[in-house]
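Undergrad: need coordinates for the below:
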Amino acid sequence: MAFLVVYDACAMYGSTVRNLLLRLTGTGLVQAKWTAQILDELDRALDRRAIPEDKRNRLRRLITTAFPDGLVTGYEPLVDGLKLPDPDDRHVLAAAITAGAQVIVTANLKDFPSHYLQDWEIQAKSPDDFVLDLIGINSRAVHRCVQQIVAERRNPPETFEDVLNQLERGGLIETAATLRLW
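TA: Residues are numbered from 1 along each chain as shown. Alright, predicted model coming up:
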């Protein structure tokens, strides 16, 4: 059975890392969740990178269409009662609580200290640690997801090593190293 996770916007910022996380969701190993607010944050971050609005809108449509059960709603009443070092991240924790998630996948671990999360039995994990955990559960599924990314990259064509290099640059250093050994 898939375990529940909430993808924070910062975890989905890089295109290759986002591609891998979403593909892993499609394997059934995990059931990923997010909120409209998380997708809004992702949109603003991509806008700052000068990604055109039509591409950002297409991405959001693809995410919500591919994973219609990914959207968490009804979390808002919890937000004000939660404490985190960065109050702007309380909505992510509220979404995780509402969804019954076991993990928040975030690149900002310092904003989700374990002593703030322990009451809800939620862990914060970096995308690298999260994917490493999935490799431990089903390395073939993770490898297949990377192969799918390679196969879709045709203009210009990319190799498995090219994609691993992109994952490394996106912070998945141990994941890339582990997949190189595989």
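
Undergrad: any idea how far residue 93 lies from residue 5?
TA: From residue 93 across to residue 5, the span is 13 Å (Cβ to Cβ, to the nearest Å). (Glycine included, C-beta is placed from N, CA and C.)

Undergrad: equivalent analysis for residue 62, please.
TA: The value you get for residue 62 to residue 5, if Cβ to Cβ is used, is 19 Å.

Undergrad: more neighbours: those two, which one.
TA: Neighbour count, other Cβ atoms under 10 Å: between residue 62 and residue 5, residue 5 has more, with 27 against 11.

Undergrad: in a strand, that one, correct?
TA: Yes - read with DSSP: H, G, I helix; E, B strand; the rest coil, residue 5 is one of the residues of a strand.

Undergrad: what's the nearest residue to it if we skip its chain neighbours?
TA: With sequence-adjacent residues excluded and distances taken as Cβ to Cβ, 6 or more residues apart in numbering, residue 5 is closest to residue 103, at 4.4 Å.

Undergrad: wait, residue 139 touches residue 182, no?
TA: Yes - judged on Cβ atoms under 8 Å, residue 139 makes contact with residue 182 at a distance of 6.0 Å.

Undergrad: the longest helix along the chain to strand 3-7, inter-axis angle?
TA: The single longest helix within the chain, with elements called by DSSP state H, is helix 127-152. Angle between the axes of helix 127-152 and strand 3-7 is 90 degrees (criterion: axes from the mean of the first three to the mean of the last three Cα atoms, to 10 degrees).

Undergrad: helices or strands up against helix 127-152?
TA: Identification of packing neighbours for helix 127-152 by 3 or more Cβ pairs under 8 Å, 6 or more residues apart in numbering; DSSP states H and E yields helix 15-26, strand 103-105, helix 160-169, helix 173-181.
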